[in-house]
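Asker: Structure here, sequence nowhere to be found:
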């Protein structure tokens, strides 16, 4: 994953919030409130989900994106499922439950 350069855009459907996760040479950069723009990059990924679904999954632990996609809670609007899995596989899964996230 040290040579991977890929972006994952999270569009939250129920609020004006977008987060872009960019993985470049093993370093993850997160930008929020980024403008929603379409990229012509074939390695770009784009997910759409309601904020409560994402928040619930993060509070329960590492989200099972494959299950969320099959249930329809998450929509992959750009990219392929195997690209998404390769992106996620670059990170170690936490050993314990993720800490409780504060909501605004």
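Answerer: Now that the structure is in, tell me what you want to look at. Small disclaimer: the values here were computed from a predicted structure and weren't measured. Numbering: from 1, shown residues only.
Asker: Isn't residue 28 up against residue 19?
Answerer: No - Residue 28 lies out of contact with residue 19 (C-beta atoms under 8 Å); the separation is 11.6 Å. For every residue, glycine as well, the C-beta is placed using N, CA and C.
Asker: Comparing the two, which residue is more hemmed in?
Answerer: The neighbour count for residue 28 versus residue 19, taken as other C-beta atoms under 10 Å, is higher for residue 19 (16 against 11).
Asker: show me the contacts for that one.
Answerer: By C-beta atoms under 8 Å, 6 or more residues apart in numbering, the contact set of residue 19 is 9, 10, 12, 30, 31, 32, 34.
Asker: which element follows the helix or strand harbouring residue 67 toward the C-terminus?
Answerer: Using DSSP states H and E, residue 67 maps to helix 65-71. For helix 65-71, the succeeding helix or strand toward the C-terminus, using DSSP H and E, is strand 75-78.
Asker: May I see the buried residues of that next one?
Answerer: Neighbour counts over strand 75-78 (16 or more other C-beta atoms under 10 Å) mark 76, 78 as buried.
Asker: cool, and stretch 6-18?
Answerer: Here stretch 6-18 shows 6, 7, 8, 9, 10, 11, 12, 18 as buried, counting by 16+ other C-beta under 10 Å.
Asker: Which stretches in the protein count as strands?
Answerer: 5-12, 17-24, 27-32, 45-49, 75-78 (DSSP state E).
Asker: Pairing partners for the first one, with directions?
Answerer: In other words, strand 5-12. Note on strand 5-12: by DSSP bridges, its sheet partners are strand 17-24 (antiparallel), strand 45-49 (parallel).
Asker: Could you say which of the ones you listed is packed most deeply?
Answerer: strand 45-49 (a mean of 20; mean count of other C-beta atoms under 10 Å).
Asker: For that strand, give the mean pLDDT please.
Answerer: Strand 45-49 shows a mean pLDDT of 92 in the predicted model.
Asker: ok, and what's touching it?
Answerer: Residues contacting strand 45-49 (C-beta under 8 Å, 6+ apart): 6-13, 68, 73-79, 83-84, 87.
Asker: rerun that using 6 Å as the cut-off
Answerer: Strand 45-49 is contacted from outside by 8-11, 13, 74-79, 83-84, using C-beta atoms under 6 Å, 6 or more residues apart in numbering.
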